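S.K.: Fold the following and give me the result.
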Amino acid sequence: MNPTVYFLDKSITFLPEGAEISGFDAAIDAAQGISRAKVVKILETHNRLAVLSDDPDAAFKELGRDFMYVTAAGGVVRDGNGHTLMIYRRGRWDLPKGHWEKGETIEECAMREVAEETGVGNTRIIAPICNTFHAYNVYGKWELKCTHWFLMGGDGLSRTVPQQEEGISSADWLDAGRVSEALETSYPTIRAVFAALDKIK
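M.R.: As a prediction, this is how the structure comes out:
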């Protein structure tokens, strides 16, 4: 596994020593120390950081100790006509997702969050897609969120009710062309989810 952590539109990827890094604009050796302060400083002037290590998973876990870990789940919901349920939040297209609550399975979390953020219930889990990681600063507290993504089935005729208190201005069923357009201005994490979905179909 080569974990990638997204910081909004920027990212860090943990790679084995000697890996190809031509697609990155900065690289550091985890053996010289890896910390949140260090990577945040580098990302002030760079967009894609490679962290090289003889054990990428261990380096990822070392960085994770500088964050509060949060578990979440969400879904790519598709109907029988190939339309995808997406939400528009704070100027970008996104996918419904949210925090896991104690006592529920991660699949139940994904279905609940879809229902809460879009108003679309009666969804079903078809298959897991991937997990993504993104880091953010909430009022001075850094969190590392692991989101479990699932391919889900739903009824494209379902009436949507965007959860406006969560900053969602619309929830719509988009055809393939509109999804492609939406992804151009979406978050890198969301593009990663669709890329992972393409590999399992």
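S.K.: Give me the spatial nearest neighbour of residue 129, chain neighbours excluded.
M.R.: Using C-beta to C-beta, 6 or more residues apart in numbering and skipping residues adjacent in sequence, the residue nearest residue 129 is residue 149, 4.2 Å away. All C-beta spots, glycine's among them, are computed from the backbone N, C-alpha and C.
S.K.: What of residue 141?
M.R.: Spatial nearest neighbour of residue 141, chain neighbours left out: residue 68 (6.5 Å); criterion: C-beta to C-beta, 6+ apart.
S.K.: where does residue 14 land in three-state SS?
M.R.: Counting by DSSP: H, G, I helix; E, B strand; the rest coil, the backbone at residue 14 sits in strand.
S.K.: all strands of the protein, in order?
M.R.: Secondary structure of the chain, counting by DSSP state E: strands at 4-7, 10-16, 26-29, 48-53, 68-78, 84-89, 92-94, 97-99, 124-138, 141-153, 168-174.
S.K.: Any chance of JSON lines for those strands, columns mean pLDDT and mean neighbour count?
M.R.: Compiled in JSON lines, these are given as follows (pLDDT from 0 to 100; neighbours: other C-beta atoms under 10 Å):
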{"stretch": "strand 4-7", "mean pLDDT": "97", "mean neighbour count": "20"}
{"stretch": "strand 10-16", "mean pLDDT": "97", "mean neighbour count": "21"}
{"stretch": "strand 26-29", "mean pLDDT": "96", "mean neighbour count": "16"}
{"stretch": "strand 48-53", "mean pLDDT": "97", "mean neighbour count": "21"}
{"stretch": "strand 68-78", "mean pLDDT": "97", "mean neighbour count": "20"}
{"stretch": "strand 84-89", "mean pLDDT": "97", "mean neighbour count": "22"}
{"stretch": "strand 92-94", "mean pLDDT": "98", "mean neighbour count": "18"}
{"stretch": "strand 97-99", "mean pLDDT": "97", "mean neighbour count": "18"}
{"stretch": "strand 124-138", "mean pLDDT": "96", "mean neighbour count": "16"}
{"stretch": "strand 141-153", "mean pLDDT": "97", "mean neighbour count": "18"}
{"stretch": "strand 168-174", "mean pLDDT": "97", "mean neighbour count": "17"}
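S.K.: Let me see the domain layout of the protein.
M.R.: For the chain, the structural domains run 4-64, 68-200, going by automatic domain parsing.
S.K.: Return the residues in contact with residue 89.
M.R.: Residue 89 sits next to 166, 167, 168, 169 when contact means C-beta atoms under 8 Å, 6 or more residues apart in numbering.
S.K.: try it again with 7 Å
M.R.: Residue 89 is in contact with 167, 168, 169, counting by C-beta atoms under 7 Å, 6 or more residues apart in numbering.
S.K.: quick one: contacts for residue 182?
M.R.: Applying C-beta under 7 Å, 6+ apart to residue 182 gives the contacts 86, 93, 174.
S.K.: close enough to count as contact, residue 193 and residue 129?
M.R.: Yes - Residue 193 lies in contact with residue 129 (C-beta atoms under 7 Å); the separation is 6.1 Å.
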